[in-house]
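In: when you get a sec, could you give me coordinates for this:
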Amino acid sequence: MDVRRDLIDYGKKLVEYNLTKGTGGNLSIFDRKAGIMAITPSGIDFFAIQPEDIVMMDLEGKVLEGRKKPSSEWMMHSQIYQGREDIDAIIHAHTTFATVLATLRWDLTASHYMIAVAGPDVRCAEYATFGSRELAENACRAMVDRRAVLLANHGILAGALDLANAFNIIEEVEYCSEIYYRAKSIGEPVILDRAEMDLMAEKFKTYGNR
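Out: Presented below is the predicted three-dimensional model:
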């Protein structure tokens, strides 16, 4: 697996699928056996990133390889990897509808069953300045038992065992956020109960490649 090329390709895909703007967002892959995190560089257009720009670092922040600065959100990625053995790939993006909910500081409730790719719902983490340890801690706390989290006044973050599934979670949470937004504009969405979402969680264990 060429992790550098995968990070570049999925970064481009975020833009092509209208899931982020400009340089907003970052992606990483964690080699748990080697203890090395590969992460996109800070402030570079996804279509301009070269393989040698991908930063290899440990989870304490020591850069092992790469000619650029790592993403300013590297601590958020690092803390999640340290606390979650079920996550080896993370995508953070500035999607439109999930960010609308995040600016309202709302959780995304189960108005559509596809939210089950992330959990019974998606919590909104408490606000903190981007790139800060506080934001990393807030995101980890709100993401407990979930595979995605909304970042207040900021965006969305999702994690999975690989980039393909992390990307799928970003897509589905954004879709569910748009449905919720549109439903709220004309009425009050009916929320699926926890028993149904528990059933969805079981069904999703054999849905796709998770």
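
In: residue 169 and residue 188, how far apart?
Out: Using CB to CB, to the nearest Å, residue 169 is found at 26 Å from residue 188. All C-beta spots, glycine's among them, are computed from the backbone N, C-alpha and C.

In: just the local confidence number for residue 24, please.
Out: Here, the pLDDT recorded for residue 24 equals 86.

In: count of neighbours near it?
Out: 17 (other CB atoms under 10 Å).

In: rewinding a little: okay, residue 169 and residue 188: which has more neighbours?
Out: Between residue 169 and residue 188, counting by other CB under 10 Å, residue 169 is the more crowded of the two (24 against 8).

In: how would you label the more buried one: helix, strand or coil?
Out: Under DSSP: H, G, I helix; E, B strand; the rest coil, residue 169 falls in the helix class.

In: next one: residue 181
Out: Reduced to three states by three-state DSSP, residue 181 is helix.

In: how about it, what does it touch?
Out: Listed by CB atoms under 8 Å, 6 or more residues apart in numbering, the contact partners of residue 181 are 97, 100-101.

In: find me the pLDDT at it, would you?
Out: Reported pLDDT at residue 181 in the predicted model: 98.

In: now it: how far from residue 89?
Out: Distance from residue 181 to residue 89, by CB to CB: 27 Å.

In: which one of the contacts of residue 181 has the most neighbours?
Out: Highest neighbour count within the contacts of residue 181: residue 101, with 25 neighbours (other CB under 10 Å).

In: which element is it on?
Out: Per DSSP states H and E: residue 101 is located in helix 96-104.

In: any idea which helix or strand comes after that helix?
Out: strand 124-125.

In: was I right about residue 37 contacting residue 56?
Out: Yes. The criterion here is CB atoms under 8 Å, and residue 37 meets it with residue 56 at 7.4 Å.

In: which of the two has more neighbours?
Out: Taking neighbours as other CB under 10 Å, residue 37 and residue 56 compare with residue 37 leading, 25 against 18.

In: list the beta-bridge partners for the more buried one.
Out: Per DSSP bridges, the residues bridged to residue 37 are residue 30, residue 57.

In: got phi/psi on residue 189?
Out: According to degrees, to the nearest 10, the main-chain angles of residue 189 amount to phi -60, psi 140.

In: ditto for residue 110
Out: phi -80, psi 70.

In: do residue 175 as well
Out: In terms of degrees, to the nearest 10, the main-chain angles of residue 175 are phi -60, psi -50.

In: that one contacts residue 113, correct?
Out: No. Here residue 175 does not reach residue 113: they are 11.6 Å apart, not a contact under CB under 8 Å.

In: who touches both of these two?
Out: By CB under 8 Å, 6+ apart, no residue touches both residue 175 and residue 113.

In: any idea how many residues pack against residue 162?
Out: 16.

In: skipping its backbone neighbours, what lies nearest it in space?
Out: residue 89 (5.1 Å; CB to CB, 6 or more residues apart in numbering).

In: ok, which stretches of this structure are strands?
Out: When secondary structure is read from DSSP state E, the chain shows strands at 26-31, 36-39, 55-57, 63-65, 89-93, 124-125, 148-151, 155-160.
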